[in-house]
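1. turn this into a structure:
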Amino acid sequence: MSYKLVVFDMDGTILDTLADLAFSTNDALAAHGMPARSIDEVRRFVGNGIAKLIERAVPAGTDAAETAAVLEDFKHSYAVHAADTTKPYPGIGKLLDELRAQGILCAVVSNKADFAVQQLVVDYFPGCFDAALGENEQAGIAKKPARDMVDAVCARLGASMGELVYVGDSEVDFATAATCGCDLILCSWGFRGAEELRALGPATIVDTPEELLAAIIA
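-> The predicted model follows:
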């Protein structure tokens, strides 16, 4: 079908951010004398926001006060290092250009901290997105898989759930689309593999941005 709006997840969908997330996670852990986490561990920890990332990364039994201190150190580190090695996945820029050329609105909805979402959109996709939202507890908008951020984007851009397709790469994105009752496309190049995505349930899974474009405009 033809869509008015495409809502993209960020980490693992349009941007390969894993190495920088791992660096800042381990930077914060080291500041508190805690053991480092591997890339694969961080890959499994991401998806539910940075607070949950740090909660999973600290050693079992770490108290709430120290976990909060590690989180603050992570925020400071990531504000500096969010773009050290981060890069768009190959073909994403061309995909976004084609969608916009066809008059399709594009938005980002991410559980990444909003300050990082806004900066990364400016740095890597200037002029490509009509709206971008990240996690911001002060705004009173619940993070995914709640539908709040998708609803906010729809209200801002004048689109309904029936006019959009949600594009992501994880179980959080699968659940978000289910909560919204909207169409879903999952990308196998991100933080979860194709087998993990298939295990979630019925969904369109694509292996390349070219396949993603074809699925969106079919």
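2. could you name the helices and strands sitting against the lengthiest strand in the chain?
-> Across the chain, the longest stretch assigned as strand under DSSP state E is strand 105-113. Strand 105-113 sits against strand 5-8, helix 50-57, helix 92-101, helix 114-124, strand 131-135, helix 148-157, with contacts defined as 3 or more CB pairs under 8 Å, 6 or more residues apart in numbering; DSSP states H and E. Just so you know, the C-beta spots here come from the backbone N, C-alpha and C atoms, and that holds for glycine as well.
3. tabulate these in CSV, adding columns for mean pLDDT.
-> Output for the helices and strands packed on strand 105-113, formatted as CSV (pLDDT from 0 to 100):
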stretch, mean pLDDT
strand 5-8, 98
helix 50-57, 95
helix 92-101, 96
helix 114-124, 91
strand 131-135, 94
helix 148-157, 96
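4. who wins for proximity to His32 among the ones you listed?
-> helix 50-57 (10.5 Å; CB to CB).
5. what comes up buried for the closest one?
-> Neighbour-count burial for helix 50-57, counted by 16 or more other CB atoms under 10 Å, picks out 50-55, 57.
6. measure Ser24 to Ile54 for me?
-> Distance of Ser24 to Ile54, computed by CB to CB, to the nearest Å: 10 Å.
7. common neighbours of those two, please.
-> Common neighbours of Ser24 and Ile54 (criterion: CB atoms under 8 Å, 6 or more residues apart in numbering): Phe74.
8. circling back to that earlier point, out of the helices and strands packed on strand 105-113, deepest packed?
-> Among the helices and strands packed on strand 105-113, strand 5-8 has the highest mean neighbour count (mean count of other CB atoms under 10 Å), at a mean of 27.
9. which strands border it, and is each parallel or antiparallel?
-> strand 105-113 (parallel), strand 164-168 (parallel) (DSSP bridges).
10. before we move on, the earlier item: in a markdown table: the helices and strands packed on strand 105-113, plus distance to Leu197.
-> Formatted as a markdown table, these follow (distance: least, CB to CB, whole Å):
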| stretch | distance to Leu197 |
| --- | --- |
| strand 5-8 | 16 |
| helix 50-57 | 20 |
| helix 92-101 | 18 |
| helix 114-124 | 23 |
| strand 131-135 | 23 |
| helix 148-157 | 20 |
